[in-house]
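Q: Return atomic coordinates for the entry below.
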Amino acid sequence: MADLKQLTEQFLTLFGGEADGIRYYQAPGRVNLIGEHTDYNGGYVFPAALTFGTTLLLRPRGDRVLKMASTNFPNTLGEVSLDSIEYREEDDWMNYPKGVVKELQNRGRGPAAGYDFLYHGEIPNGAGLSSSASIEVLTGYALLSEGGHPVDRTELALISQKSENEFNGVQCGIMDQFAVANGKKDQAILLMCDTLEYRHVPFQSEDYVLVIGNTNKRRGLVDSKYNERRSECEQAVQELKGAYPELTLLGQLTPEQFHAECERIESDTVRRRALHVVDEIDRVLQSVAVLEKGDLESFGKLMNASHDSLRDLYEVTGKELDAMVEAARKVPGVLGSRMTGAGFGGCTVSLVHKDSVDRFREQVAAEYTEATGLVPDFYVCSIGDGASRLDSPAQP
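A: As a prediction, this is how the structure comes out:
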């Protein structure tokens, strides 16, 4: 948890004035526990909010100016009028909160006056833990709360996604914003991205923690390979329509239906892509069933099977992710380890006994660096709550 007293001092150094009017909000990062490359195929994902993310300190102003600063970019202080919010490349990270303000204005719920904003992010940029979604949901939640508007968390996720799609031009799906808005402590979210039907599933990890491993590999191939995989999945759907004329997405098939007709897919590569999707969706549903029984060991095996399928059938892991997962699985006390996110770099998530965490960090780091020449980072976390207001720290 961020040190609110220290952040308050930084806020006052930047913006002056008194601490009395400052309010405090937080939104988490997220990790997808299982269910990778299923979202655009009409299947389930299984994300969870993390216990670290982004903190926002804000204070109302008497004019129509937004002033924005971040502890992560200490030399930038942005200023924008509420009457002329436009995307500007040179504004960099500030375009994320600006996009949310613009979308709130479009819906008639924009702020009536300006604010001073100080953001403090604990999520590493580019790690695939949704730093942008955390900032967006946090901004929307804080401004709706400050304006006295009711907060519908599903709508908040959609506002945040739309601002990223349209204002920032990033065609992300809904999962990141949805998990950040709707997270609950010790519960993962079973989400159908197409319909936004969801439910919370208990994740009683007891003596186990989630360890996220950042490969620190730049993810250069993601966009081109992502588009290629989508197109391969669409091709599989077209070729299976001979058997299932109503089919529009692979997620509509059970494993039994797929296996009965999979020979209709001419390309072995396309068949393997489709097999991953159908089996991965089934693994998500199996995960829900075993976690509801508190069976962490079976969940760990499903995590392993997910990574192996992403490596062998969907081919989106790459040398770095495979090396980290391979090293993780050798550590006693690890129930499961897999890549999380789009692939070709980014992060792994492992379920590790708390007594094994130190050994995990040391052993996995050494093996991973030897295999790749890169130095990883590790984050030990639990599953936390979605966006919320924080109590003000006691003033001296």
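
Q: And the helix or strand residue 8 falls within, what's buried?
A: Taking DSSP states H and E as the definition, residue 8 sits inside helix 4-15. Buried residues in helix 4-15, counted by 16 or more other CB atoms under 10 Å: 4, 7, 8, 10, 11, 12, 15. The way it works is simple: take the backbone N, C-alpha and C, and place the C-beta from them, glycine included.

Q: can you give me the strands for the stretch 251-396 of the chain?
A: Assigned strands in the stretch 251-396 of the chain, in chain order: 334-340, 347-353, 377-381, 388-390 (criterion: DSSP state E, counting those that start in this stretch).

Q: so which of those strands gets nearest residue 114?
A: Nearest to residue 114, of all the strands of the stretch 251-396 of the chain, is strand 388-390, at 19.7 Å by CB to CB.

Q: Which neighbours in the sheet does the closest one have, and how are they oriented?
A: strand 23-32 (antiparallel) (DSSP bridges).

Q: Just want the angle from the partner strand to strand 377-381.
A: Between the axes of strand 23-32 and strand 377-381, defined by axes from the mean of the first three to the mean of the last three CA atoms, to 10 degrees, the angle is 110 degrees.

Q: Check which element follows strand 23-32 along the chain.
A: In N-to-C order, the element after strand 23-32 by DSSP H and E is strand 44-45.

Q: model confidence over that next one, on average?
A: Per-residue pLDDT over strand 44-45 has a mean of 97.

Q: CA atoms only for the very next helix or strand once past it - export them in PDB, please.
A: Where DSSP H and E defines the elements, the next helix or strand beyond strand 44-45 is strand 47-60. Extracted as PDB, the C-alpha positions of strand 47-60 are listed here (Å, rounded to 0.1, in the frame of the first residue of the first chain):
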ATOM      1  CA  PRO A  47      -8.900 -12.300 -14.100                       C
ATOM      2  CA  ALA A  48      -8.400 -11.000 -10.600                       C
ATOM      3  CA  ALA A  49      -7.500  -7.600  -9.200                       C
ATOM      4  CA  LEU A  50      -4.200  -7.400  -7.400                       C
ATOM      5  CA  THR A  51      -3.300  -5.900  -4.000                       C
ATOM      6  CA  PHE A  52      -1.200  -3.200  -5.700                       C
ATOM      7  CA  GLY A  53      -2.000  -0.700  -8.400                       C
ATOM      8  CA  THR A  54      -2.400   3.100  -8.600                       C
ATOM      9  CA  THR A  55      -3.200   5.700  -6.000                       C
ATOM     10  CA  LEU A  56      -4.700   9.100  -6.800                       C
ATOM     11  CA  LEU A  57      -4.700  12.200  -4.600                       C
ATOM     12  CA  LEU A  58      -7.000  14.900  -5.800                       C
ATOM     13  CA  ARG A  59      -8.200  18.300  -4.700                       C
ATOM     14  CA  PRO A  60     -10.900  20.600  -6.200                       C
END
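
Q: Tell me the buried residues in strand 47-60?
A: 47-59.

Q: Looking at those, which is nearest residue 187?
A: residue 48 (7.4 Å).

Q: Name all residues that make contact with that closest one.
A: Applying CB atoms under 8 Å, 6 or more residues apart in numbering to residue 48 gives the contacts 30, 31, 33, 179, 183, 187, 188, 189, 203, 383.

Q: Same question for residue 100.
A: Residues near residue 100 by CB under 8 Å, 6+ apart: 136, 139, 140, 143, 159, 160, 163.

Q: any chance of these in a markdown table, with pLDDT, neighbour count and secondary structure too?
A: Conversion of the contacts of residue 100 to a markdown table gives the following (pLDDT from 0 to 100; neighbours: other CB atoms under 10 Å; DSSP: H, G, I helix; E, B strand; the rest coil):
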| residue | pLDDT | neighbour count | secondary structure |
| --- | --- | --- | --- |
| 136 | 97 | 34 | helix |
| 139 | 98 | 31 | helix |
| 140 | 98 | 29 | helix |
| 143 | 98 | 22 | helix |
| 159 | 98 | 25 | helix |
| 160 | 97 | 33 | helix |
| 163 | 96 | 27 | helix |
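
Q: Adding distance to residue 117, write the residues you listed out as TSV.
A: Below are the contacts of residue 100 laid out as TSV (distance: CB to CB, whole Å):
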residue	distance to residue 117
136	13
139	8
140	13
143	10
159	17
160	16
163	15
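
Q: ok, the residues you listed vs residue 236, which is closest?
A: Of these, the one sitting nearest to residue 236 (CB to CB) turns out to be residue 160, at 31.3 Å.

Q: Touching, that closest one and residue 141? I think so.
A: No: the pair residue 160 / residue 141 is not scored as a contact, 9.2 Å apart, by CB atoms under 8 Å.

Q: which neighbours do these two share?
A: Common neighbours of residue 160 and residue 141 (CB under 8 Å, 6+ apart) are residue 181.

Q: Just the pLDDT for residue 61.
A: Predicted confidence (pLDDT) for residue 61: 97.

Q: Residue 116 is in contact with that one, correct?
A: Yes: Residue 61 sits in contact with residue 116 when judged by CB under 8 Å, with a separation of 6.2 Å.

Q: could I get the buried residues of strand 47-60 as JSON lines with distance to residue 122?
A: Shown next, in JSON lines, are the buried residues of strand 47-60 (distance: CB to CB, whole Å):
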{"residue": "47", "distance to residue 122": "18"}
{"residue": "48", "distance to residue 122": "16"}
{"residue": "49", "distance to residue 122": "13"}
{"residue": "50", "distance to residue 122": "9"}
{"residue": "51", "distance to residue 122": "10"}
{"residue": "52", "distance to residue 122": "4"}
{"residue": "53", "distance to residue 122": "6"}
{"residue": "54", "distance to residue 122": "7"}
{"residue": "55", "distance to residue 122": "8"}
{"residue": "56", "distance to residue 122": "12"}
{"residue": "57", "distance to residue 122": "14"}
{"residue": "58", "distance to residue 122": "18"}
{"residue": "59", "distance to residue 122": "22"}
